[in-house]
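In: Predicted model and sequence below, questions to follow.
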Amino acid sequence: MTNTVAGARGPERALVADMARLGLILGPVLVLIGTIFWRFDGFLSSVLAFALVLGNLALGAMIIDRAAAISPTALTGAVLGGFLTRLLLLTAIVVPLRNLDWFEVVPFAIALLGGHFGLLMWESQRVTVSLAASDAAAAAHAAAATEPSPSTLRTRSESEC
């Protein structure tokens, strides 16, 4: 049996929502780079790549969210299998498109790699800071709980001084 509450949502959805918000900043920058150097073909290729980035991250979060509700073993298998499946899916989408007239490889690669690395690095930094803050709060709480209260401290009498 699992310890999850029915209807509870894991942190994966919040991470994807944060990355999508950051994508509203990073995406236009990557698309602008593709548009400046490769014109309209670069624009189309960059938009396609960034859409694949957001879809890939959302699909990964959905897989993790569902598998986490089942068991740790299911989560492990889903993460590995989901990663390989998503890579194959990206490949299956890109391979037929690479021979089209408007497809430009370089702006596509810049947006795809820049989107994945940029969003994942930003979010991993946020998660690290968040975990460090919660660890510090937990340590402070634990330290406060183990300190003796003033009423339990033994005081010295004048004869002991």
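Out: Arrived safely. These figures come from a predicted structure and were not determined experimentally.

In: Can you pull the poorly scored residue ranges out of this structure?
Out: Across the chain, the ranges flagged by pLDDT under 70 are 1-9, 141-161.

In: So which residues of it form helices?
Out: With DSSP state H as the criterion, the chain has helices at 11-68, 72-97, 105-146.

In: Turn these into JSON lines, columns for mean neighbour count.
Out: (Glycine included, C-beta is placed from N, CA and C.) Putting the helices of the chain into JSON lines (neighbours: other C-beta atoms under 10 Å) gives the following:
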{"stretch": "helix 11-68", "mean neighbour count": "18"}
{"stretch": "helix 72-97", "mean neighbour count": "13"}
{"stretch": "helix 105-146", "mean neighbour count": "14"}
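
In: what sits against the closest residue to I36 other than its chain neighbours?
Out: Closest residue in space to I36, ignoring its immediate chain neighbours: G42 at 7.7 Å, by C-beta to C-beta, 6 or more residues apart in numbering. G42 makes contacts with 33-36, 104, 106-107, as judged by C-beta atoms under 8 Å, 6 or more residues apart in numbering.

In: What of R98?
Out: The contact partners of R98, by C-beta under 8 Å, 6+ apart, come to V105.

In: Same question for the one 4 residues further on.
Out: For W102, the contacting residues are 40-41, 44-45, taking C-beta under 8 Å, 6+ apart as the criterion.

In: Widest-spaced pair of those?
Out: F40 and S45 (9.7 Å; C-beta to C-beta).

In: Phi and psi next, for W102.
Out: Per-residue torsions, W102: phi -90, psi -10 (degrees, to the nearest 10).

In: what do you get for D101?
Out: When quoted as degrees, to the nearest 10, the phi and psi of D101 stand at phi -60, psi -40.

In: Same check on A69?
Out: Torsion angles, degrees, to the nearest 10, at A69: phi -80, psi -10.

In: That one: neighbouring residues, count only.
Out: Residues lying near A69 (other C-beta atoms under 10 Å) number 17.

In: What's the separation between it and I33?
Out: Distance, A69 to I33, by C-beta to C-beta, to the nearest Å: 40 Å.
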